[in-house]
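Asker: Using only what follows, build the 3D model:
(one chain, ligands or ions: 1)
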Amino acid sequence: MTSKSRIFLSPPHMSGNEQKYINEAFETNWIAPLGPNVDAFEKELAEYVGSKGAAAVSSGTAAIHLALRLLGVQQGDTVFCSSLTFIASANPILYQGAEPVFIDSEPDTWNMSPVALERAMEEAKREGKLPKAVIVVNLYGQSAKMDEILAICNHYQVPVVEDAAESLGSTYKGKKSGTFGKFGIYSFNGNKIITTSGGGMLVSDDVEALQKARFLATQARDPAPHYQHSQVGYNYRMSNIVAGIGRAQLEVLDERVKARRAIFDRYVQALGDIEGIQFMPELEGTMSNRWLTTLTIDQQALGVTPMDIINALAEENIEARPVWKPLHLQPVFNGVTYYPHQEGWSVSDELFANGICLPSGSSMTIDEQNRVIDVFIKAIKR
Ligand SMILES: Cc1ncc(COP(=O)(O)O)c(C=O)c1O
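Answerer: Coordinates of the predicted model:
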C-alpha cells in the first residue's frame, strides 16, 4: 500500500457558492422540507434542460418510481429497461409489483439496442402484452439512440422514461439529455456531475403530471384541513437546504461538463494509441458530459484483465471500477426475460467483461491524472 493521497472515481466538487443558499435558508428558517430554494431549483433546472417543468425529489430512484406510478404501472404489468445500468434504474419496477424485461446495449453508444427493443416489442405485441413503459438509460453521460428508440416506442404507443441520472448537461442533436421521453429523471447523488449530497429531479412537459408527482411525493395528502388521504403516497420531496446546494451546483454545471470532457481527452491522448484499448464512443450528433471516462480492453492483446488494472490502481490508492454489471446477470433478477442485441451476441456482457471506469472527477488535477495514467501503463506492461 502507498501513502499517496486517494484519488476517487467521482467525488463531489463544490463551487463555494452553496453556502450562500444554505445560509439564506437558515436565516429565513426555511429548514423544513420545501421552500423557496426548492421552487427556484425546479424552475432553474427546467429552464436549463428546456422542459416545461420539474419536480425536486429525494433521489433519482424516487423520480423513476414516481414516473412509473404516474404512468399507471402496477402488478401484472411489464416494463422494459436497459440492462447495462445501475440497479436503481429497475428497482422501482419491482416497487410497483411489475415485471422487468431487460434490453441489451448496442456497440455505438453502449445504451439500449433499438434492434433488441424492436424484437422485444414485436414479441410482446404478438403475445398481447405490450409493456406499460420503457426505461432508457444514458450511460456514463452518453445519450442512447433516441430517434430510433422513440420511433419504436411511438409506433407501439409505449411511453418512455429517460433515465438521465448520469447524463445531465449532455445533448442529443442539440437537445438536452433527459427531455426526450414522457418523463426524464436526474440524480444529484454524491458521485454525479453535480450533487446535492443526495437528491433527484423529475422533468416533463406535462406540468399537470408533475403537480401529481409533487402530491404523491408529499404523502398524497388531499386538500382538506384535516389530514386526509385517498391513495398511497411517499415522502419523496427534496428539502429546502438540499435544494440550495443544487442551485449553486447548477450554476457551474457547464464548467463541470467541460472539465470532465477535458479529462476524457487527456486520457485518450495518453492511452488512445495503445493497441487493445478502446474508449467509450460518442455518437455523432451527440455531446456526452463524459461523467465517467470508460474504456474496454482487449484482454488477449494486453495480457491483463480489467481487474488486474483496477487492482494495480487500488494499490496506488486510486479508485477505479468495472463497468456496471448488467441487470440480467444480477441474482435479484434471476429468471427475468432478456433480449440480447443479436441472437448469441450480448453486447452488455462483453462490455462488463472488458470495461473499466477511470477516475473522472471534475476537481482532479493534471498531476493526479498523470498518476492514474502512469499506473495504468505500468499495469498493462507488467
Ligand atoms: C443510471 C442511474 N439511474 C438511477 C440512479 C439513481 O439515482 P439516486 O442514487 O439519486 O437514487 C443512478 C445513480 O445513483 C444511476 O446511475
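
Asker: Identify the residues contacting V207.
Answerer: With contact set as Cβ atoms under 8 Å, 6 or more residues apart in numbering, V207 has these partners: 52-53. In this view, the C-beta of every residue, glycine as well, is placed from N, C-alpha and C.

Asker: Same question for I93.
Answerer: Neighbouring residues of I93 by Cβ under 8 Å, 6+ apart: 68, 73, 79, 81, 99-100, 135.

Asker: tally of neighbours for Q300?
Answerer: Applying the criterion other Cβ atoms under 10 Å, we find 7 residues in the vicinity of Q300.

Asker: about what we covered before: of the contacts of I93, which fall within the contact range of the ligand?
Answerer: Cross-checking the contacts of I93 against the ligand (Cβ under 6 Å from any ligand atom) gives no overlapping residues.

Asker: mind listing what's buried in the longest helix anywhere in the chain?
Answerer: Among the elements of the chain assigned as helix by DSSP state H, the one spanning the most residues is helix 253-271. Under the neighbour-count criterion of 16 or more other Cβ atoms under 10 Å, helix 253-271 has 253, 256-257, 259-261, 263-264, 266-267, 270-271 buried.

Asker: Write out the residues of the chain neighbouring the ligand.
Answerer: Counting by Cβ under 6 Å from any ligand atom, the positions of the chain adjacent to the ligand are 59-61, 85-86, 88-89, 137, 163, 165-166, 187, 189, 200.

Asker: Strands - which of those land there?
Answerer: Counting by DSSP state E, the members of these that fall within strands are 137, 163, 187, 200.

Asker: List just the nearest of those to the ligand.
Answerer: Comparing those against the ligand with Cβ to the nearest ligand atom places S187 closest, at 3.3 Å.

Asker: Is it correct that the closest one is in contact with V57?
Answerer: No - under the criterion of Cβ atoms under 8 Å, S187 is not in contact with V57, lying 10.0 Å apart.

Asker: Overlap in contacts, these two.
Answerer: With the criterion set as Cβ under 8 Å, 6+ apart, the overlap between the contacts of S187 and V57 is 63, 199-200.

Asker: How about the contacts made by P12?
Answerer: Contacts of P12 by Cβ under 8 Å, 6+ apart are 190-191, 195, 197.

Asker: As CSV, the residues you listed with secondary structure, neighbour count and pLDDT would be great.
Answerer: Shown next, in CSV, are the contacts of P12 (DSSP: H, G, I helix; E, B strand; the rest coil; neighbours: other Cβ atoms under 10 Å; pLDDT from 0 to 100):
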residue, secondary structure, neighbour count, pLDDT
G190, coil, 13, 95
N191, coil, 16, 96
T195, coil, 22, 97
S197, strand, 13, 94
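
Asker: Show me which pair in the residues you listed is furthest apart.
Answerer: Taking Cβ to Cβ as the measure, those span a maximum distance of 10.9 Å, between N191 and S197.

Asker: now the end-to-end length of stretch 135-143.
Answerer: Terminal residues of stretch 135-143 are spaced 13 Å apart (Cα to Cα, to the nearest Å).

Asker: From the contacts of I93, pick the one nearest Y236.
Answerer: Here the nearest of the contacts of I93 to Y236, counting by Cβ to Cβ, is L68; it sits at 12.7 Å.

Asker: Does the closest one touch P100 like I think?
Answerer: No - under the contact definition of Cβ under 8 Å, L68 does not touch P100, with a separation of 10.8 Å.

Asker: For A56, what is the enclosing helix or strand?
Answerer: With elements taken from DSSP states H and E, the one containing A56 is strand 53-57.

Asker: Map the structural domains onto the sequence of the chain.
Answerer: Following automatic domain parsing, one gets these domains for the chain: 18-252, 254-381.

Asker: Could you give the separation of the shortest one from the chain centroid?
Answerer: By that I understand domain 254-381. In terms of Cα atoms, centre = their mean, to the nearest Å, the centre of domain 254-381 is set 16 Å apart from its chain centre.

Asker: coming back round to it: the following helix or strand past the longest helix of the chain: partners in the sheet, and parallel or antiparallel?
Answerer: Per DSSP H and E, the first helix or strand lying C-terminal to helix 253-271 is strand 277-279. Strands flanking strand 277-279 in the sheet, each with its direction: strand 293-297 (antiparallel) (DSSP bridges).

Asker: Give the bridge partners for S239, please.
Answerer: Under DSSP bridges, the beta-bridge partners of S239 are P33.

Asker: if we can go back for a sec, name the surrounding residues that touch the strand holding A56.
Answerer: Residues contacting strand 53-57 (Cβ under 8 Å, 6+ apart): 38, 41-43, 45-46, 63, 66, 199-207, 210, 213-214, 217, 236-238, 243, 246.
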